[in-house]
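[1] what follows is a predicted protein model with its sequence.
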Amino acid sequence: MKAGFIGLGQMGSGMAANLAKAGHEVRVYNRTRGKEGPLVALGATAAESIADACVGADAVFTMLANDEALRAVAFGAGGVLEALPKGAIHISSSTVSVALADELTAAHSEAGQRFISAPVMGRPEAAAAAKLFVMAAGAPDAVADAGPLFDAIGQKTFHLGDEPKVGNIVKLANNFLLACVIETVGEAMALTSKAGVDRHSYLDVLTSTLWNAPVYKTYGALIANEAFEPAGFPVPLGQKDVRLALEAAEGLNVPLPVGGILRDRFIRLRAEGGDALDWSAIAKLARKDAGLD
């Protein structure tokens with residue numbers, strides 16, 4: 001398939017690379033230039049603009065940091081809505097608001113294009129290894145047509161429904177749960193550490209008994225090792241996702257009491273200069289609260 005890819009950060013670069021490796025014709029674009037080189041070496045073409053990434057495409061991916069970035073790329077002059085061919089698919093893998101997903105759904109329909117929300121689960125190493133989980137939501141024909149692209153970037157695709165915004169709600173719910181895991185493991189590790197238990201010993205107990213799951217192993221190791229730099233998922237993005245989860249919950253009249261605690265954790269960490277850290281660094285606040293640091 002002919003696919004454009006816009007947004008070559010830690011996640012987007014790995015995804016675009018795997019599309020090229022799978023034999024798709026990939027045109028890549030990043031607003032900050034200079035990230036295209038390794039992808040060109042894999043057979044991708046460096047696009048000169050957003051519109052150039054969309055020319056003749058069957059589909060175009062956007063993998064961007066937030067609503068503002070996606071809105072600019074989609075709705076701006078020479079953006080995706082202007083340049084994408086009729087019948088082609090805009091696949092948004094960004095973690096963005098439900099409101100923006102609805103807005104894009106309507107705008108693409110009016111333009112005679114198709115829109116899928118397809119956020120992914122997995123850190124940058126999973127993106128590089130084509131081991132992402134794709135949470136696709138959109139019209140069945142669009143999701144089916146995009147299937148070969150999803151197969152190239154991930155290990156499993158979930159079709160969650162016909163309304164694209166459902167994909168965003170599921171991703172936000174999952175990231176809310178991940179933040180809960182980080183916070184509670186940090187609290188439990190602070191408790192056991194203050195009692196004199198080695199953090200790695202406690203992690204071994206935790207992942208051998210209660211939670212033998214990748215999320216506890218991955219984030220538990222980051223917390224035990226205090227490996228918060230370089231950031232696989234920076235603190236400002238974690239704060240943004242918790243905020244969007246709370247917004248989505250408010251729109252559906254669903255209380256998320258723990259969400260308020262997580263929001264304040266991220267605000268505190270940013271106030272203390274933690275913007276460059278991985279979001280798992282909120283766990284270190286529990287150590288501070290326990291008088292361990």
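    Perfect, I can see it now. Numbering: from 1, shown residues only.
[2] I'd guessed A46 sits against V40; true?
    Yes: the pair A46 and V40 passes the contact test of CB atoms under 8 Å, sitting 5.5 Å apart. Every residue, glycine included, has its C-beta placed from N, CA and C.
[3] more neighbours, those two?
    Between A46 and V40, counted using other CB atoms under 10 Å, the more crowded position is A46 (16 against 13).
[4] excluding its backbone neighbours, what's nearest the more buried one?
    If the residues on either side of it in the chain are set aside, A46 comes closest to E36, at 4.0 Å by CB to CB, 6 or more residues apart in numbering.
[5] and that neighbour, how far from T45?
    9 Å (CB to CB, to the nearest Å).
[6] intersection of neighbour lists for these two?
    Counting by CB atoms under 8 Å, 6 or more residues apart in numbering, the common neighbours of E36 and T45 are V28.
[7] need the overlap of contacts for A46 and V40.
    V28.
[8] check the offset of whichever helix or strand G238 is part of from the chain's centre.
    In this structure, G238 sits in helix 235-251 according to DSSP states H and E. Per CA atoms, centre = their mean, to the nearest Å, the displacement of helix 235-251 from the mean C-alpha position of its chain is 13 Å.
[9] what helices or strands is the next helix or strand after it leaning on?
    Proceeding N to C from helix 235-251, the next assigned helix or strand is helix 257-271, under DSSP H and E. Helix 257-271 sits against helix 164-194, helix 235-251, helix 284-289, with contacts defined as 3 or more CB pairs under 8 Å, 6 or more residues apart in numbering; DSSP states H and E.
[10] show the average pLDDT along the helix holding G238.
    When the per-residue pLDDT values of helix 235-251 are averaged, the result is 98.
[11] okay, it in PDB with CA atoms only?
    Presented in PDB, the C-alpha positions along helix 235-251 are these (Å, rounded to 0.1, in the frame of the first residue of the first chain):
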ATOM      1  CA  VAL A 235       6.000  13.500  32.100                       C
ATOM      2  CA  PRO A 236       4.100  16.200  30.200                       C
ATOM      3  CA  LEU A 237       2.500  13.500  28.000                       C
ATOM      4  CA  GLY A 238       1.500  11.500  31.000                       C
ATOM      5  CA  GLN A 239      -0.100  14.500  32.600                       C
ATOM      6  CA  LYS A 240      -1.900  15.200  29.300                       C
ATOM      7  CA  ASP A 241      -3.300  11.700  29.100                       C
ATOM      8  CA  VAL A 242      -4.700  11.800  32.600                       C
ATOM      9  CA  ARG A 243      -6.300  15.100  31.900                       C
ATOM     10  CA  LEU A 244      -7.900  13.800  28.700                       C
ATOM     11  CA  ALA A 245      -9.100  10.700  30.600                       C
ATOM     12  CA  LEU A 246     -10.800  12.900  33.200                       C
ATOM     13  CA  GLU A 247     -12.300  15.000  30.400                       C
ATOM     14  CA  ALA A 248     -13.700  11.900  28.700                       C
ATOM     15  CA  ALA A 249     -15.000  10.600  32.000                       C
ATOM     16  CA  GLU A 250     -16.700  13.900  32.800                       C
ATOM     17  CA  GLY A 251     -18.400  13.900  29.400                       C
END
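[12] elements contacting it?
    Contact here means 3+ CB pairs under 8 Å, 6+ apart; on that basis helix 235-251 packs against helix 98-110, helix 164-194, helix 257-271.
[13] among those helices, which comes closest to F233?
    Closest approach to F233 among the helices and strands packed on helix 235-251 (CB to CB): helix 164-194, 9.0 Å.
[14] what's the following helix or strand after that closest one?
    Past helix 164-194, heading to the C-terminal end, the next element that is a helix or strand (DSSP H and E) is helix 199-208.
[15] which neighbouring elements make contact with that following helix?
    helix 164-194, helix 214-225.
[16] quick revisit: wait, the residue nearest to A46 sits on A44?
    Yes: counting by CB under 8 Å, E36 touches A44, with 7.3 Å between them.
[17] give the buried residues for the helix or strand hosting A127.
    According to DSSP H and E, A127 maps onto helix 124-128. Taking 16 or more other CB atoms under 10 Å as the neighbour-count basis, helix 124-128 is seen to contain the buried residues 124, 126-128.
[18] what's the answer for stretch 180-197, then?
    When neighbours are counted by 16+ other CB under 10 Å, the buried residues of stretch 180-197 are found to be 180-183, 185-190, 192-193.
[19] and which of those residues is nearest A22?
    For A22, the nearest member of the buried residues of stretch 180-197 is V181. The distance, counting by CB to CB, is 31.9 Å.
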